[in-house]
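K.L.:
Starting from these lines, generate the structure:
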Amino acid sequence: MSDAVAEPTLRRSIGPIQLFAYTLGGMLGAGIYGLVGRAAGELGSAVWLGFLVAMVAALLTGLSYASLGSRYPRAGGAAYVTHRGFGRPLLTWTVGLAVMASGLTSVATQSRVVAENLLRLLDIPGVAPVLISLGFLVFIAGVVLRGIRESMWMNMLCTAVEATGLALVIAVGLPWIGQANLLETPTGTIEATLILQGAILTFFAFIGFEDTLNVAEECQDPRRTIPVGIVSAMLVAATLYMVVAAVAVSVVPWRELAVTPGPLAEVMARAAPWMPGWVFVAITVFAVANTALLNYVTASRLTYGMARQGLLPAVLGRVHPRTRTPHVAVGALFVVVVALMLAGDIGQLASATVLLLLAVFACVNVALLVLQRRPGEKPGGFEVPSFVPALGALVCLALLLNRVATGDWRAPLIAGVVLAAILLLFLVVRPRGVPLVQD
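P.N.:
So this is what the prediction gives:
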C-alpha cells in the first residue's frame, strides 16, 4: 500500500447564494457612489438609460464568462480559458498578469481609501494613514489566508451593507420621483450617440463580475452555480443602478448632481437631512473593503492557477492542508500589495489597468468562440449562441478604442508601459506552460 499523502486541494464550499453575493459585491463597490454624478453630466436626467444600455453590453461578456465557468471550473480564470483556447504561453501570461495587475493595484489603492475614511469616521488624531492602510492589508490577507468560507462570509456582510446603502437612497428618494423629467438630456433630445456615450461611462459600473470565474474551482456544482450567480447578480446590479439613478436626478437636478463631489451623499442630505453624515462614510468603508477583499481572493486564485499551469513558480500553487487556501500565493501577493501601497498615489495606475481588462474581456470572448468550434470539447451546463461572445468581443474592443481615443492620454500610456513590462518579464522568466488535460 502506498504511503503517499494526497496533495491538498481547494475546498468546494461556495453555494449559489454565496456566489451571487460574491458577484454582486464585486460590481457594486464604491464606484456607483461617484459614477452617478459623472454619468448625469453626460446624459442628464436620462442617466438611467445609460445604465440599461451598459447592462446589455456588459451582459454579453457576462454570459460568456458564465458559459466558460460552467465548462471549465478552474481557479486560473481568464488565464486558464486563454491557455485552453489558444495554447500560447505568451498570451496566457499576458492575460493572467494583466488581470493580476488590475486586482493588486486596486487593493493597494483601496487600502488608502479605507484609511482616509476611517480617519474621518473615527477622528483619530496623530495616526499616520499609512499605518491604518498596512493594518487593513494585514487584516484582509488574514481573512483570505484563513479560508474561502471566511472570505465568503465577510463578503456577504459587506455586500449587504453596500446594497443597504443603495436601498436607503431609493427609500428616501422615491417620494421625489415625478419631480424631474427622466428623459431630459443636455441636448434636449434622446439621441442614440448620446446614450451610447453615456453607456461607455456606465459600463465600468459592471466590472467585477469577471472575478467570479477565479473561484469556480471552489464552487459546489459549478456547472449550475456559476451561470446563475453571474447572470442574476448582473441583473440585480443593473436594476439597483437604474432606480438609484432615477431617484438621484429626481432629488438633485442633474446639473447640480454632475458637479457634486459626493452625489449620493448629497441626495441623502436633501432627501433625509435627519440622517447623520457618518452613515455614508461607514458604508463607503464597507464597500471599498469588500472590493479589496474580492480583488485579493481573485489575485490569489489566479496566481495559484497560473502556477498549476506551469506559468509561475510551482511553489505558488501549493495549498495549505488545514485552511485549504493557496497560502504561498496569498503571502507573496501581500508583499507586492504592501510595496504598491507604500509607493504612494497609484490611482492613475489602477485606472490604466482597467483598460487592460477590456482587452482581456475581448480575448476571453474570442477564446469561447474557438472552444465552441473545437471538436472534442465538452459543452458546459450553460451554453450561449456564438453571436454572444462575438458581439461581446466587438463591444469590449470598441469600448477600449473609445477610451483610448477620447479619455485622458495618461491612462493608455501607463497601460502600455504595464503591458510592455509584462512582456519583458515573460522574456526574462521564459515560462513554457504545461499541456492541459482534456476533461
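K.L.:
Tally up the residues packed near Leu424, please.
P.N.:
A count of nearby residues for Leu424, using other CB atoms under 10 Å, gives 10. (Glycine included, C-beta is placed from N, CA and C.)
K.L.:
Strands along the stretch 101-250 of the chain, start to end?
P.N.:
Using DSSP state E, counting those that start in this stretch, no strands are found in the stretch 101-250 of the chain.
K.L.:
Which parts of it are helices?
P.N.:
Ranges of helices within the stretch 101-250 of the chain are 129-146, 148-173, 192-202, 222-251, based on DSSP state H, counting those that start in this stretch.
K.L.:
In JSON lines: those helices, plus mean neighbour count.
P.N.:
Formatted as JSON lines, the helices of the stretch 101-250 of the chain follow (neighbours: other CB atoms under 10 Å):
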{"stretch": "helix 129-146", "mean neighbour count": "18"}
{"stretch": "helix 148-173", "mean neighbour count": "20"}
{"stretch": "helix 192-202", "mean neighbour count": "19"}
{"stretch": "helix 222-251", "mean neighbour count": "23"}
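K.L.:
Low-confidence regions, the protein specifically.
P.N.:
Applying pLDDT under 70 to the chain flags the ranges 1-6, 30-31, 346-347, 407, 432-439.
K.L.:
centroid residue for it?
P.N.:
What sits nearest the mean C-alpha location of the chain, by CA atoms, centre = their mean, is Gly208, with 2.1 Å.
K.L.:
Any chance of CSV for the helices of the stretch 101-250 of the chain, columns distance to Leu423?
P.N.:
Formatted as CSV, these follow (distance: least, CB to CB, whole Å):
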stretch, distance to Leu423
helix 129-146, 28
helix 148-173, 32
helix 192-202, 28
helix 222-251, 30
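K.L.:
of the ones you listed, which approaches Thr212 most closely?
P.N.:
helix 222-251 (5.5 Å; CB to CB).
K.L.:
which helices and strands does that closest one pack with?
P.N.:
helix 16-28, helix 31-43, helix 47-71, helix 148-173, helix 263-271 (3 or more CB pairs under 8 Å, 6 or more residues apart in numbering; DSSP states H and E).
K.L.:
Distance from the chain centre to that helix, please.
P.N.:
14 Å (CA atoms, centre = their mean, to the nearest Å).
K.L.:
same check, this time on stretch 364-383
P.N.:
Distance, centroid of stretch 364-383 to centroid of chain: 23 Å (CA atoms, centre = their mean).
K.L.:
Name the residues of it that are buried.
P.N.:
Using 16 or more other CB atoms under 10 Å as the test for burial, stretch 364-383 gives 364-372, 377, 380-383.
K.L.:
and if you look at stretch 174-185?
P.N.:
In stretch 174-185, counting by 16+ other CB under 10 Å, buried: 176, 180, 182, 184-185.
K.L.:
Turn these into CSV, including distance to Thr105.
P.N.:
Shown next, in CSV, are the buried residues of stretch 174-185 (distance: CB to CB, whole Å):
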residue, distance to Thr105
Trp176, 38
Ala180, 37
Leu182, 36
Glu184, 37
Thr185, 35
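K.L.:
which helices and strands does the strand or helix carrying Asn290 pack with?
P.N.:
When elements are assigned from DSSP states H and E, Asn290 belongs to helix 278-308. Other elements packing on helix 278-308 under the criterion 3+ CB pairs under 8 Å, 6+ apart are helix 16-28, helix 31-43, helix 78-86, helix 89-122, helix 129-146, helix 148-173, helix 263-271, helix 327-342.
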